[in-house]
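Participant: Based on what follows, work out the 3D shape:
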Amino acid sequence: MIHRYPTIFELFTIPTPPTPFNATKSCSQLCVRLTPAASALTAQESNLKSALSNVLAAKLQKLLMLSSHHRLVLSKLAHLAPDLGLPPNFRSRLCNEHPDKFKTVDTSYGRALELISWNPELARPLSFAEVDSRELIVDRPLKFKRLKLQKGLNLKRRHQDFLIRFRELPDVCPYTTVASELRKESIEAEKRACSVVREILGMTVEKRTLVDHLTHFRKDFALPNKLRSMIIRHRELFYVSLKGQRDSVFLVEGFDDNGALLEKDQSLVIKDRLMDLVMEGKRIRRERRKSEMNNDDISNFIVESEEAYGDSGEFYDDGFENLFESEDPDWDSHFDSDHESDEQLGEGVTRDFWIADASSSLRGIDARSEIWPQPLASCKFSEHSRSCDTSVDDF
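Facilitator: Purely as a prediction, here's the structure:
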């Protein structure tokens with residue numbers, strides 16, 4: 001695993017004192033440590049965690065202000081803690097570091113976190129984004145009421161009318177409105193429940209969480225029993241992903257049209273940098289494998305070339321060097337001499353590939369005259385090929 005991530009870990013050796021059993025040899029111990037880039041990233045993350053202590057405490061305080069009895073069981077908070085960005089030891093450290101905001105108490109359901117002080121500055125719900133007039137084609141008031149939905153999402157007309165009427169209702173503050181004062185299954189109670197879910201998703205790091213995590217707080221936040229149906233019904237606020245074994249709910253206003261977060265948390269930025277280091281390590285390993293494969297090919301070629309040569313470096317004779325050399329000395333001497341007499345081509349002399357019989361046509365010709373410009377009377381091939389007669393008229 002250490003060699004798999006070269007940008008995260010590096011190996012080094014440290015000298016160790018010699019033992020009595022091996023006092024003559026110097027020993028060394030192999031150790032592992034973080035690379036400078038990973039060490040800097042770890043230091044940045046630790047500094048961020050200490051600086052975000054007040055921010056995380058404010059998230060817990062807002063959750064307690066949203067609850068009906070201003071009290072939440074710690075075992076339930078443990079399910080939602082990773083999505084909120086809380087450290088794993090928040091129950092032992094974070095809950096005890098801010099005694100002016102909350103405290104831990106014993107209940108019949110286990111240890112719980114109870115609110116101590118109310119902060120009116122935190123009791124401000126998320127504001128709805130207004131429709132940008134630059135997105136409209138004409139610069140005039142719309143004749144029909146417009147509902148902003150996700151790209152590719154088509155709803156029935158009846159469903160759109162319900163969502164438009166739901167948006168026109170007066171806003172319900174989830175912090176100050178008491179759920180017991182509202183009639184169950186009323187549109188006002190649904191308005192408050194949607195506001196509570198928006199506040200919880202707005203506090204999460206990635207603006208999403210599992211639907212099952214929200215169902216744990218159904219009684220604490222006075223949410224309806226059919227919570228999943230309510231979330232799916234309000235497509236203008238939430239998006240439910242069906243991927244995986246459990247459904248996830250996303251806050252639509254926290255993402256752009258391409259599905260990217262509008263505001264990234266600092267912890268997500270550090271995670272992205274860590275993933276960049278991991279991907280860089282994979283790229284380095286991939287290049288190493290390619291270079292090793294190329295080196296293997298070159299070494300195999302060198303070995304094959306050395307096998308063709310002898311130990312002294314001279315080329316080994318494989319028997320094909322004199323492939324086109326003739327064993328007949330007359331064949332070589334024929335092409336080596338430029339002024340060869342015609343009498344050397346005696347009648348009936350047979351060569352390897354052809355035989356020239358020019359006795360009948362050379363009897364009346366002077367020895368000093370040229371032979372080849374004169375027309376040949378006849379030629380015949382070797383015994384392995386057919387014979388042919390050529391007349392003077394053919395030339």
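Participant: need the contact list for Arg228.
Facilitator: By CB atoms under 8 Å, 6 or more residues apart in numbering, Arg228 lies in contact with 211, 215, 240, 247. For glycine as for every other residue, the C-beta is placed from the backbone atoms N, C-alpha and C.
Participant: in the stretch 201-350 of the chain, what spans have low per-residue confidence?
Facilitator: Along the stretch 201-350 of the chain, the parts satisfying pLDDT under 70 run over 295-350.
Participant: hey, where'd the helices end up in the stretch 151-300 of the chain?
Facilitator: With DSSP state H, counting those that start in this stretch as the definition, the stretch 151-300 of the chain shows helices at residue ranges 157-168, 187-203, 211-215, 227-233, 266-308.
Participant: With the stretch 1-150 of the chain instead?
Facilitator: For the stretch 1-150 of the chain, helices defined by DSSP H, counting those that start in this stretch occupy the ranges 36-51, 53-66, 74-84, 95-97.
Participant: if I look at the spatially closest residue to Leu149 that is not a sequence neighbour, how far off is Leu63?
Facilitator: Ranked by CB to CB, 6 or more residues apart in numbering and with sequence neighbours excluded, the top spatial neighbour of Leu149 is Glu236, at 6.0 Å. For Glu236, the distance to Leu63 (CB to CB, to the nearest Å) stands at 25 Å.
Participant: Of the two, which one has the most company?
Facilitator: Each of Glu236 and Leu63 has its neighbours counted (other CB atoms under 10 Å); Leu63 has more, 23 against 20.
Participant: ok, now which ones touch the nearest residue to that one once chain neighbours are set aside?
Facilitator: Across the structure, with CB to CB, 6+ apart as the measure, the residue nearest Leu63 apart from its sequence neighbours is Leu72 (6.3 Å). For Leu72, the contacting residues are 63-64, 112-113, 217, 220, taking CB under 8 Å, 6+ apart as the criterion.
Participant: Make a markdown table out of those and add distance to Met230.
Facilitator: Converted to a markdown table, the contacts of Leu72 look like this (distance: CB to CB, whole Å):
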| residue | distance to Met230 |
| --- | --- |
| Leu63 | 20 |
| Leu64 | 23 |
| Ala112 | 26 |
| Leu113 | 26 |
| Phe217 | 14 |
| Asp220 | 16 |
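Participant: and of these, the nearest to Thr204?
Facilitator: Relative to Thr204, the closest of those is Leu63; by CB to CB it sits at 11.2 Å.
Participant: which ones are touching that closest one?
Facilitator: With contact set as CB under 8 Å, 6+ apart, Leu63 has these partners: 72, 77, 200, 203.
Participant: top of those residues by neighbour count?
Facilitator: Greatest neighbour count in these, by other CB under 10 Å, goes to Ile200: 25 neighbours.
Participant: Now for that residue: which residues touch it?
Facilitator: Contacts for Ile200 (CB under 8 Å, 6+ apart) come out as 63, 66, 80, 209, 214, 217, 221.
Participant: rerun at 7 Å
Facilitator: For Ile200, the contacting residues are Leu214, taking CB atoms under 7 Å, 6 or more residues apart in numbering as the criterion.
Participant: same question, Leu122
Facilitator: Contacts of Leu122 were listed using CB under 7 Å, 6+ apart, and they are 58, 61-62, 65.
Participant: Please repeat the previous calculation with a cut-off of 8 Å.
Facilitator: Listed by CB under 8 Å, 6+ apart, the contact partners of Leu122 are 58, 61-62, 65, 175.
Participant: Equivalent analysis for Val196, please.
Facilitator: If a contact means CB under 8 Å, 6+ apart, then Val196 has 66, 174, 221-223 as its contacts.
Participant: who wins for most neighbours among those?
Facilitator: Using other CB under 10 Å as the neighbour criterion, Pro174 leads those with 25 neighbours.
Participant: Report pLDDT for that residue.
Facilitator: According to the model's per-residue confidence, Pro174 sits at a pLDDT of 91.
Participant: Tell me if I'm right that Val73 and Asp106 touch.
Facilitator: No - Val73 is beyond contact range of Asp106, at 10.9 Å (criterion: CB atoms under 8 Å).
Participant: Give me the common contacts of these two.
Facilitator: Shared contacts of Val73 and Asp106, defined by CB under 8 Å, 6+ apart, are found at Ala112.
Participant: Pick out whichever of those two has more residues nearby.
Facilitator: Neighbours per residue, other CB under 10 Å: of Val73 and Asp106, the larger number sits with Val73, 16 against 8.
Participant: what's Tyr175 in contact with, if anything?
Facilitator: For Tyr175, the contacting residues are 65-66, 122-125, taking CB under 8 Å, 6+ apart as the criterion.
Participant: What separation is there between Glu188 and His159?
Facilitator: 20 Å.
Participant: So which bits of stretch 214-229 are buried?
Facilitator: 214, 216-217, 220-223, 227-228 (16 or more other CB atoms under 10 Å).
Participant: what's the answer for stretch 237-251, then?
Facilitator: For stretch 237-251, a neighbour-count test (16+ other CB under 10 Å) marks 237-239, 248-251 as buried.
Participant: mind listing which of the residues you listed are in strands?
Facilitator: Using DSSP state E, the members of the buried residues of stretch 237-251 that fall within strands are 238-239, 248-251.
Participant: out of these, which one sits closest to Phe102?
Facilitator: Top of the list for closeness to Phe102, among those and by CB to CB, is Leu251 at 25.1 Å.
Participant: Now do the contacts for the closest one.
Facilitator: Here Leu251 is in contact with 198, 201-202, 204, 207-208, 237-238 (criterion: CB under 8 Å, 6+ apart).
Participant: could you flag which of these are buried?
Facilitator: 198, 201, 204, 207-208, 237-238.
Participant: Export the residues you listed to CSV and append columns for distance to Phe12.
Facilitator: Output for those, formatted as CSV (distance: CB to CB, whole Å):
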residue, distance to Phe12
Arg198, 51
Leu201, 46
Thr204, 40
Lys207, 42
Arg208, 41
Leu237, 54
Phe238, 51
